[in-house]
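>>> Build me a model from this:
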Amino acid sequence: MMVFDLIFVGSNELDKEKDYIAENIKNTKNAYNINIEEKNLRNSGTVTSEEVAKNENVIDNIPIISKDAVLKTLEDSQTETGYFSYRNANLAKYKIKGKDQVVYVAPREIKNSGRTYTNKTYEYTHGMGEIIISATQSINGGNVQYIQKEVSGSDEQIAISQPRMYFGIGNNEIVATNAKNKQEYDYTDENGTDYTSTYEGKARITTKLFR
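All right, here's what the predicted structure looks like:
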């Protein structure tokens with residue numbers, strides 16, 4: 001097997017595996033409902049008013065905000081508490097207020113750097129919800145337009161049954177859930193009240209023989 005990989009795969013690994021990678025990416029996008037098809041259009045001359053009217057839905061959903069701009073904004077304005085971080089933002093299409101809209105969805109992951117072992121293992125175990133930003137509209141001289149950003153979910157536009165995220169790009173440290181006399185941090189509201197919970201999922205490695 002090692003010789004086969006070296007001669008037949010290693011010599012042009014990306015070319016040999018690109019079909020499998022493409023299929024993996026496609027199925028992941030379908031699973032998260034972010035399978036947005038992006039096309040580059042060539043300039044074909046002046047666009048007429050008739051063409052605009054005929055393709056209004058397409059024009060209204062042309063992204064004018066870049067992914068880099070979204071992540072830079074989130075890093076600058078949404079990480080001041082030190083609890084959460086935003087490592088990725090994906091284009092997605094959702095029906096919001098009865099209208100299809102192209103948006104960026106940025107998961108709110110927990111930031112464990114700088115915390116004590118006890119804190120990051122038993123208390124700060126998960127991220128909480130996501131921020132949703134318009135991909136097609138901006139405000140105040142080019143600033144991003146938030147559609148949903150409150151960690152409490154008070155401005156929810158897209159129904160989320162379970163906002164707690166125990167798995168993510170940055171969640172690569174061991175956490176212990178359902179520990180005795182330990183509550184897991186969700187968020188702190190504008191009045192300084194802390195909200196907590198306990199893990200209810202089934203994905204786990206249990207330390208008990210029977211549960």
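>>> Quick check: the gap between the closest residue to residue 156 other than its chain neighbours and residue 198.
Nearest non-adjacent residue to residue 156, counting by Cβ to Cβ, 6 or more residues apart in numbering: residue 148, 6.2 Å away. C-beta: built from backbone N, CA, C; applies to glycine. Separation of residue 148 from residue 198 (Cβ to Cβ, to the nearest Å) stands at 25 Å.
>>> So for these two, which sits in the more crowded spot?
Neighbours were tallied for residue 148 and for residue 198 using other Cβ atoms under 10 Å; the higher tally belongs to residue 148 (20 against 11).
>>> wait, isn't that one in contact with residue 154?
No - Residue 148 lies out of contact with residue 154 (Cβ atoms under 8 Å); the separation is 9.6 Å.
>>> show me where pLDDT drops low in the protein?
When residues are selected by pLDDT under 70, those of the chain lie in 1-16, 32-44, 79-81, 171-172, 207-211.
>>> could you pull out the helices for it?
With DSSP state H as the criterion, the chain has helices at 2-4, 13-31, 49-54, 56-60, 67-77, 117-118.
>>> out of these, deepest packed?
Here the criterion is mean neighbour count by mean count of other Cβ atoms under 10 Å, and of the helices of the chain the winner is helix 67-77, at a mean of 15.
>>> Let me know the distance separating residue 23 from residue 29.
In terms of Cβ to Cβ, residue 23 sits 11 Å off from residue 29.
>>> returning to what we had before: now distance to residue 178 too, for the helices of the chain, in CSV please.
Below are these laid out as CSV (distance: least, Cβ to Cβ, whole Å):
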stretch, distance to residue 178
helix 2-4, 43
helix 13-31, 27
helix 49-54, 56
helix 56-60, 46
helix 67-77, 31
helix 117-118, 16
